[in-house]
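1. Predicted model and sequence below, questions to follow.
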Amino acid sequence: MFIQIPRGTYDVLPEDSSIWQRIEETARKVCALFNYKEIRTPLFESTHLFQRGVGDTTDIVQKEMYNFKDRGGRDLTLRPEGTASVVRAYVEHKLFGLPDQPVKLYYIGPMFRYERPQSGRTRQFTQFGVEALGSKDPSIDAEVIALAMTFYRTIGLKKLKLVLNSLGDPESRAAHRRALIDHFKPSINEFCEDCRNRLEKNPLRILDCKKDHDHPLMATAPSIIDFLTEDSRDYFEKVKAILDEMGIAYELDPTLVRGLDYYNHTTFEIMGSSKGAISTLTGGGRYNGLVSELGGPETPGVGFALSIERLLLALEAEGISLNNEASLDCFITAIGEKARQKTPVLLHKLREAGLSADKDYMDRKVKAQFRQADRDHAKFVVVIGDEELAGDAANVKNMADGSQEEIAFSALADYLKSKIK
RNA sequence: GCGGUUAUGGUGAAGUGGUUAACACACCGGAUUGUGGUUCCGGCAUGCGUGGGUUCGAUCCCCACUAACCGCCCCA
């Protein structure tokens, strides 16, 4: 009975796992550079957390969550994103009381959304995210953006586009929303079905509709920028000024919307090159109301989440390969039954001495054992046969130059270590 | 949730309503009774996504299902 992998999931096989390790390692290094500390939260949380945090009316909550009841009847959900959990932990452990403020956190892990899979979108996907809680300094908005850009640059991505917008405070946002609805409502029947649905749900989306792009009302639609309060506008100017000084280029896009309810003020996306329709690599922004929404003190926050899967796609699109083949220090080739009996112990000694080592388990001929040593990129091959057993010394072949030496079994580990260093 | 395309060995990929399902790569073995990356030779799918149906007969035709890929919606 063959049971296949669930829809929208995938396996990372050994040939690819080193790439994932490289990416995760880079993320951790960059976070250390910016002084962000890792936080690990559960893969499932109370359903209520996401309803409240992400927003009851969002698509994520309404139709994309993996909800289930456990045996105790509790309503739980596989996390669809990371911010709500981080904020929950922040409140629950009272991290707002820590002497070090703001609290700067990062996470790397799987998220789950029930969606139709396509390029750059799976049902289980991996996010690297960052959250800075406790400061409303515009330089922390810029820092978070800079962290993401530094991460991509370190990985090797070149074709990146940073898109920036400000949603202002909740009042500005609500006023703009009402203005948009008033603007489109009288003529909404001239728009496509999607736009008619968007009118009440998410009127900002109408602005980047592909079908109705040329409708005259598009050009005259009210812009969020005109609805920002003086403070909001001033704050956004400061963020932009810092990015300018840092030399981080960006494009302004007043139609940039995030799909999660908690965002306000600065929002941004980082786009990459991609074969498919999805080019958004990172989404993030400020969420000053979220901590209090989740029962904590009034606390500002800013962060982003980026997808490792989409990063991989972008790397592929730019023709960048991160694959590095691991090599083996030593491969033991045994000839004859007596030699075969000796190899497990010898192997174990080499490994205990700190050398990576392996041997044949398929009862292969000498030639085939050498082929395997090549496949494993072995630096040295230790050959043991009747002659070697008689002389109490192994034949050691340097695979790079083909030279061979007789080395006493007792001195083998030290010899190899000195050669490999 | 909606739409399009596809489904043949470990991989890539031909193919036909009818006895043995090309080819290439990979892998295994031999030429070379104990030494790698070259060459030559040989081996390697009782099987063509799953379940039905049409037919004397189906991998090939029809239907359903499942999955993958791509797009819409939405998002990372």
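-> All right, it came through fine. Residues are numbered from 1 along each chain as shown, chains lettered A, B, ... in the order given.
2. Residue A:302 falls within a helix, correct?
-> No: assigned with DSSP: H, G, I helix; E, B strand; the rest coil, residue A:302 falls outside any helix and is strand.
3. So what sits opposite it in the bridge?
-> Beta-bridge partners of residue A:302, counted by DSSP bridges, are residue A:132, residue A:286.
4. how much space between it and residue A:237?
-> Residue A:302 is 16 Å from residue A:237, where distance means C-beta to C-beta, to the nearest Å. Yep, even glycine has a C-beta here, placed from its N, CA and C like the rest.
5. and these two? which has more neighbours close in?
-> residue A:302 (30 against 13; other C-beta atoms under 10 Å).
6. right, and that one touches residue A:144 too?
-> Yes: look at residue A:302 against residue A:144 with C-beta atoms under 8 Å: they come within range, at 5.4 Å.
7. Common neighbours of these two, please.
-> Contact criterion C-beta atoms under 8 Å, 6 or more residues apart in numbering; residues shared by residue A:302 and residue A:144: A:132, A:284.
8. Please name the spatially closest residue to the residue in chain A positioned nearest to RNA strand B (chain neighbours excluded).
-> Nearest to RNA strand B, among the residues of chain A, is residue A:259, at 1.3 Å (C-beta to the nearest atom of the strand). In space, and not counting its chain neighbours, residue A:259 is closest to residue A:58: 6.0 Å by C-beta to C-beta, 6 or more residues apart in numbering.
9. OK, contacts around that neighbour?
-> Neighbouring residues of residue A:58 by C-beta under 8 Å, 6+ apart: A:259-261.
10. Then residue A:79?
-> Going by C-beta under 8 Å, 6+ apart, the list of residues near residue A:79 reads A:41-45, A:50, A:85, A:111-112.
11. helix or strand for residue A:282, which one?
-> strand A:280-286 (DSSP states H and E).
12. helices and strands around that strand, which ones?
-> Packing partners of strand A:280-286 (3 or more C-beta pairs under 8 Å, 6 or more residues apart in numbering; DSSP states H and E): helix A:138-155, strand A:264-272, strand A:301-307, helix A:308-317.
13. got a markdown table for these, with mean pLDDT too?
-> Formatted as a markdown table, the helices and strands packed on strand A:280-286 follow (pLDDT from 0 to 100):
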| stretch | mean pLDDT |
| --- | --- |
| helix A:138-155 | 98 |
| strand A:264-272 | 94 |
| strand A:301-307 | 97 |
| helix A:308-317 | 93 |
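14. Now distance to residue A:180 too, for those, in TSV please.
-> Formatted as TSV, the helices and strands packed on strand A:280-286 follow (distance: least, C-beta to C-beta, whole Å):
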stretch	distance to residue A:180
helix A:138-155	25
strand A:264-272	16
strand A:301-307	25
helix A:308-317	29
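15. Kindly reformat the ones you listed as JSON lines containing distance to RNA strand B.
-> Shown next, in JSON lines, are the helices and strands packed on strand A:280-286 (distance: least, C-beta to the nearest atom of the strand, whole Å):
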{"stretch": "helix A:138-155", "distance to RNA strand B": "10"}
{"stretch": "strand A:264-272", "distance to RNA strand B": "6"}
{"stretch": "strand A:301-307", "distance to RNA strand B": "3"}
{"stretch": "helix A:308-317", "distance to RNA strand B": "5"}
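16. just so I know, which of those lies nearest residue A:175?
-> Closest to residue A:175 of the helices and strands packed on strand A:280-286, according to C-beta to C-beta: strand A:264-272, at 12.7 Å.
17. Flag every buried residue along the one helix or strand in chain A whose mean pLDDT sits lowest.
-> Using mean pLDDT, DSSP states H and E, the weakest-scoring helix or strand in chain A turns out to be helix A:193-201, at a mean of 80. If you call a residue buried by 16 or more other C-beta atoms under 10 Å, then helix A:193-201 has these buried ones: A:195, A:198-199.
18. Off-centre distance for it?
-> In terms of C-alpha atoms, centre = their mean, to the nearest Å, the centre of helix A:193-201 is found 32 Å from the chain centre.
19. One more: stretch A:125-138?
-> With C-alpha atoms, centre = their mean, you get 13 Å for stretch A:125-138.
20. Pull out the buried residues from that stretch.
-> Residues of stretch A:125-138 classed as buried by neighbour count (16+ other C-beta under 10 Å): A:125-135, A:137-138.
21. what about the least confident helix or strand of chain A and RNA strand B, touching?
-> Yes: residues of helix A:193-201 contacting RNA strand B under C-beta under 7 Å from any atom of the strand: A:194, A:198.
22. Need the residues that contact that helix.
-> A:57, A:181, A:184-185, A:188-189, A:205-206, A:209, A:211-212.
23. Tell me the helix or strand right after it.
-> Scanning forward in sequence from helix A:193-201 by DSSP H and E, the next helix or strand is helix A:216-219.
24. so after that next one, what's the next helix or strand?
-> Under the assignment DSSP H and E, the closest C-terminal helix or strand after helix A:216-219 is helix A:230-246.
25. helices or strands up against that following helix?
-> Packing partners of helix A:230-246 (3+ C-beta pairs under 8 Å, 6+ apart): helix A:138-155, strand A:160-166, strand A:264-272.
26. from those, which stretch is densest packed?
-> Scoring those by mean neighbour count under mean count of other C-beta atoms under 10 Å gives strand A:264-272 as the most buried, with a mean of 24.
27. Can I have the buried ones of the contacts of helix A:193-201 as a PyMOL selection?
-> Remark: buried members of the contacts of helix A:193-201, expressed as a PyMOL selection using 16+ other C-beta under 10 Å:
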select buried, chain A and resi 184+188+205+206+212
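28. Now render the contacts of helix A:193-201 as JSON lines, adding pLDDT.
-> Output for the contacts of helix A:193-201, formatted as JSON lines (pLDDT from 0 to 100):
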{"residue": "A:57", "pLDDT": "83"}
{"residue": "A:181", "pLDDT": "88"}
{"residue": "A:184", "pLDDT": "88"}
{"residue": "A:185", "pLDDT": "86"}
{"residue": "A:188", "pLDDT": "85"}
{"residue": "A:189", "pLDDT": "83"}
{"residue": "A:205", "pLDDT": "81"}
{"residue": "A:206", "pLDDT": "83"}
{"residue": "A:209", "pLDDT": "75"}
{"residue": "A:211", "pLDDT": "75"}
{"residue": "A:212", "pLDDT": "77"}
